[in-house]
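S.K.: Could you look at this predicted model? Sequence included:
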Amino acid sequence: MTIASRVNALRNSIPTGVKVVAVSKFHPVEDIMQAYEAGQRIFGENRVQELLPKQEELPADIEWHFVGQLQRNKVRQIAPFISLIHSVSSERLMREIDKQAAANNRVISCLLQVHIAEEESKSGFHPDECRKFLAEGRWRNYPNVQLVGVMGMATFTEDREKVRAEFRQLKSLFDEWKANYFQDAPAFKEVSMGMSDDHPIAIEEGSTMVRLGTVLFGSRG
């Protein structure tokens, strides 16, 4: 099955209104171009050093998302062009994004990464920590960051009901924060959850954005 045929098959299977982020990490420019020529425009990378050369080489209308753990000292390199940072996991990182966005006369869209999984290796705000951060209004100190929703990763497990419960928790947190802090902010609308192995469950539980690598590009090299 070609990359183009996978892109087309996904387009037919994923509901309208759910964005597909093609996670192109470890895949060459040629693979990305095959997906691009099939109509895919949103691509996600998780390493700055891999994203930069791809961004320079590939078409300018690609919307680049950063989906991995972002080190503060790397923000400056992607601030001129990044469309969405999925992985804002601390206020310190948000402060740096705000600073670098201002230096580029930009407002950068970001998602609050929330830790919903069992594995401690996954990063993100713990729900109560994020709740406190929002309640205290500190996010308003960063005018060059636009919060547009939440992101989370479920536990890597065969237990589908556990995965479903974690996604449900993230959607519930999104609904709570939307009602309490972002009711008048139409941009705060994204729930980024679901990857190649669990995206159908994520969509059932309210995902608006799925991050798909293997189902689009095949196994990583």
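M.R.: Arrived safely.
S.K.: wait, what's in contact with the residue nearest the centre of the chain?
M.R.: With distances taken as C-alpha atoms, centre = their mean, His86 lies nearest the centre of the chain, 3.3 Å away. Neighbouring residues of His86 by C-beta atoms under 8 Å, 6 or more residues apart in numbering: Gly44, His65, Phe66, Val67, Cys110, Leu111, Gln113, Met151, Ser192, Arg211. Bear in mind the C-beta positions are built from the backbone N, C-alpha and C, glycine included.
S.K.: next one: Gln55
M.R.: Gln55 neighbours (C-beta under 8 Å, 6+ apart): Ile62, Trp64, Phe81.
S.K.: The same query, at a cut-off of 10 Å, please.
M.R.: Neighbouring residues of Gln55 by C-beta atoms under 10 Å, 6 or more residues apart in numbering: Phe43, Glu45, Ile62, Trp64, Gln77, Ile78, Pro80, Phe81, Ile82.
S.K.: And the strands in this protein, which stretches?
M.R.: 19-23, 42-45, 63-66, 84-88, 108-113, 145-151, 190-192, 209-212 (DSSP state E).
S.K.: Could you list the low-pLDDT ranges of the protein?
M.R.: For the chain, applying pLDDT under 70 flags the ranges 121, 220-221.
S.K.: so which of the strands of the chain comes closest to Leu173?
M.R.: strand 145-151 (6.4 Å; C-beta to C-beta).
S.K.: Given the closest one, what are its sheet partners and their directions?
M.R.: Next to strand 145-151 in the sheet, as set by DSSP bridges, lie strand 108-113 (parallel), strand 190-192 (parallel).
S.K.: And the helices in the protein?
M.R.: Secondary structure of the chain (DSSP state H): helices located at 3-13, 29-37, 48-57, 75-78, 91-103, 127-135, 160-181, 199-204, 214-217.
S.K.: helices or strands next to the longest one in the packing?
M.R.: What that stands for is helix 160-181. Counting by 3 or more C-beta pairs under 10 Å, 6 or more residues apart in numbering; DSSP states H and E, the packing neighbours recorded for helix 160-181 are strand 108-113, helix 127-135, strand 145-151, strand 190-192, helix 199-204.
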